[in-house]
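Student: Pasting the sequence and the predicted model now:
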Amino acid sequence: MNSEEEFYDAETGLESDDSCEVSFKDAPVYDGKQTSNGRVPSENGVWERRTTLPAPMFSRNDFSIWGFLKKCIGMELSKITMPVVFNEPLSFLQRITEYMEHAYLIHKACTMSDSIERMQLVAAFAVSAVASQWDRTGKPFNPLLGETYELTREDESYRLISEQVSHHPPISAFFAESLSQDFVFHGSIYPKLKFWGKSVEAEPKGTMTLELSKHKEAYTWTNPMCCVHNVILGKLWIEQYGTVEIVNHSTGDKCVLNFKPCGMFGKELHRVEGHIQDKNKKKQRVIYGKWTECLYTIEPKVYEANKKAEKKNGDSKKHKQEQNTGGAVDADEMPDVQETVTMIPGSTLQWRIAPRPAHSAQMYNFTSFAMTLNELEPGMEGVIAPTDCRLRPDIRAMENGDIDTASQEKERLEEKQRAARRERAKDGEDWSTRWFHQGVNPYTGTSDWVYTGGYFDRKYSDLPDIY
């Protein structure tokens, strides 16, 4: 099948190997306490968000990705359709909504009077935004052009709207705001992927912008690189690496975070280290931790003194450890996860990840927050936009454990999208976005997608039929 649907997406023009499409009718069903849609039954008439999915994920052990990727080494992946079994039952628009899982950090930053203390919490929020990717090796569904997703969390005092504003290249734009007008968080993401033989590297192009209204501050940053190892053979594992710079455009403060690659012995796996400096480039705080676990801040002098003491007492231990390790591990072999983050006396905990549900491994390694994102809440149908990805039949079918229907619906939606594009080309029409428009980020001066407004007015009569 010569599909132009993107793998988030990439340019290869490969054809799918139909021999990998199989039936899943006899797959086991998750035996948990849940209703047909995974929702926790309400008590005393009070609705509760669900804590599980309607069905567990299917085993990917019987499927080979090699038939799809063997011709893509060193290339950007762009026109290759992956079997639905390699997906997770969320759209990429829902996946980026997971940035908001730790929105309490933004609310807390709004209450701080000191700009360095605010930067500490903004840095913690930036790190926490990628924490949900830990062990999430399933690929989210590529959003259709014009697809949207909204989320209102009154308990967390924010709402969010996102839209797929471009298909070639794939660009997702989002806008989140506090219900009490404390902050605005927005950005656009163009996930660019390359296949390197054993691994897939994702570069999340795009700028994140956070505005704190009370303090008249704006922060910008970009996300780190992400790499999924062992896509052909072995245990899939993820690492994030690269330098993230968070700039406070109002005060001149800057936070530099180094997401460390795992290193020769896996010692640096998941580690994040960095510092906060003021406008005069003087270090005010050192930051350390793991993006999978927690983040601490500490005074630079205390941190350096501790490092010197560690080095003095640890050289012999390090030599012994390297002798016992028996050499370096293969670049794509999953290293053993080292000891958890050791808190240096005098440190302040800024963020700690919430534990995942006990059955998370059976549910695509979703967090509790992710479990709720595709749920159709009572009274939601007829209120949300008809383009909302909760209404996508392929994602809904996969969530319910019907992979055959999910695969058929995915192919139907892709063909419908191609037919609509051909029709527009025939009539000489360009696609018009509904809720975002192309503009310039006022803080970085770079091209960005700006929220036009009006989504929550609920006027959806002119939206396209994309499903």
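Tutor: Structure's in. What do you need? Quantities reported herein were computed from a predicted structural model and do not represent experimental measurements. Numbers count the residues shown, from 1 in each chain.
Student: Work out the gap between the strand or helix carrying residue 159 and the centre of the chain.
Tutor: Element membership for residue 159 (DSSP states H and E) is strand 158-166. Distance of strand 158-166 from its chain centroid, counting by CA atoms, centre = their mean, to the nearest Å, is 14 Å.
Student: elements contacting that strand?
Tutor: helix 92-97, strand 148-153, strand 171-178, strand 436-440 (3 or more CB pairs under 8 Å, 6 or more residues apart in numbering; DSSP states H and E). To be clear about C-beta, it is placed using only N, CA and C from the backbone, and glycine gets the same treatment.
Student: a markdown table for these, including mean neighbour count?
Tutor: Formatted as a markdown table, these follow (neighbours: other CB atoms under 10 Å):
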| stretch | mean neighbour count |
| --- | --- |
| helix 92-97 | 24 |
| strand 148-153 | 22 |
| strand 171-178 | 23 |
| strand 436-440 | 15 |
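Student: and of the ones you listed, who's closest to residue 350?
Tutor: Proximity to residue 350 (CB to CB) singles out strand 171-178 among these, at 19.9 Å.
Student: Not counting its neighbours along the chain, what's nearest residue 128?
Tutor: residue 102 (4.0 Å; CB to CB, 6 or more residues apart in numbering).
Student: The one you found - how many residues pack around it?
Tutor: Other residues near residue 102 number 23, with proximity taken as other CB atoms under 10 Å.
Student: ok, it touching residue 129?
Tutor: Yes - here residue 102 reaches residue 129: they are 7.4 Å apart, a contact under CB atoms under 8 Å.
Student: about what we covered before: and residue 367, which of the helices and strands packed on strand 158-166 is closest to it?
Tutor: helix 92-97 (11.5 Å).
Student: Please identify the buried residues of the very next helix or strand once past the closest one?
Tutor: With elements assigned by DSSP H and E, the helix or strand that comes after helix 92-97 is helix 104-111. Within helix 104-111, the residues that count as buried by 16 or more other CB atoms under 10 Å are 105-110.
Student: Make a markdown table from these and add distance to residue 175 to it.
Tutor: Formatted as a markdown table, the buried residues of helix 104-111 follow (distance: CB to CB, whole Å):
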| residue | distance to residue 175 |
| --- | --- |
| 105 | 19 |
| 106 | 14 |
| 107 | 17 |
| 108 | 21 |
| 109 | 19 |
| 110 | 18 |
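Student: ok, those residues vs residue 174, which is closest?
Tutor: residue 106 (14.4 Å).
Student: which ones are touching the closest one?
Tutor: Contacts for residue 106 (CB atoms under 8 Å, 6 or more residues apart in numbering) come out as 121-122, 125, 178, 182-183, 185, 210, 212.
Student: The same query, at a cut-off of 10 Å, please.
Tutor: By CB atoms under 10 Å, 6 or more residues apart in numbering, residue 106 lies in contact with 100, 118, 121-122, 124-125, 156-158, 176, 178, 182-185, 210, 212.
Student: Please give me every residue in contact with residue 291.
Tutor: Counted by CB under 10 Å, 6+ apart, residue 291 has contacts 126-131, 133-134, 224, 239-240, 257, 259-260, 270-272, 351, 353.
Student: mind listing which of those residues are in helices?
Tutor: Among the contacts of residue 291, the members found in helices (DSSP state H) are 126-128.
Student: Kindly indicate the member of those with the most neighbours.
Tutor: residue 127 (28 neighbours).
Student: surely it meets residue 296?
Tutor: No - contact criterion CB atoms under 10 Å: residue 127 and residue 296 do not qualify, at 11.1 Å.
Student: Between those two, which contacts overlap?
Tutor: By CB under 10 Å, 6+ apart, the residues touching both residue 127 and residue 296 are 287, 289, 350-351.
Student: List the ones among those residues that fall in strands.
Tutor: Counting by DSSP state E, the part of the shared contacts of residue 127 and residue 296 found in strands is 287, 289, 350-351.
Student: And the strands in the stretch 201-350 of the chain, which stretches?
Tutor: 208-212, 217-221, 225-229, 237-248, 254-259, 271-277, 283-290, 294-298, 348-352 (DSSP state E, counting those that start in this stretch).
Student: Tell me what angle the helix or strand harbouring residue 192 forms with strand 158-166.
Tutor: Using DSSP H and E, residue 192 maps to strand 183-195. If you take axes from the mean of the first three to the mean of the last three CA atoms, to 10 degrees, strand 183-195 sits at 40 degrees to strand 158-166.
Student: residues contacting the closest residue to residue 162 other than its chain neighbours?
Tutor: Take residue 162 and drop its neighbours on the chain: the residue closest to it by CB to CB, 6+ apart is residue 174, 3.9 Å away. For residue 174, the contacting residues are 93, 96-97, 99-100, 149, 151, 160-163, 185-189, 206, 208, 435-436, 449, 451, by CB under 10 Å, 6+ apart.
Student: same thing but at 7 Å, please
Tutor: With contact taken as CB atoms under 7 Å, 6 or more residues apart in numbering, residue 174 is in contact with 96, 160, 162, 186-187.
Student: Out of those, give me the one that has the most neighbours.
Tutor: The member of these surrounded by the most neighbours (other CB under 10 Å) is residue 162, with 32 neighbours in all.
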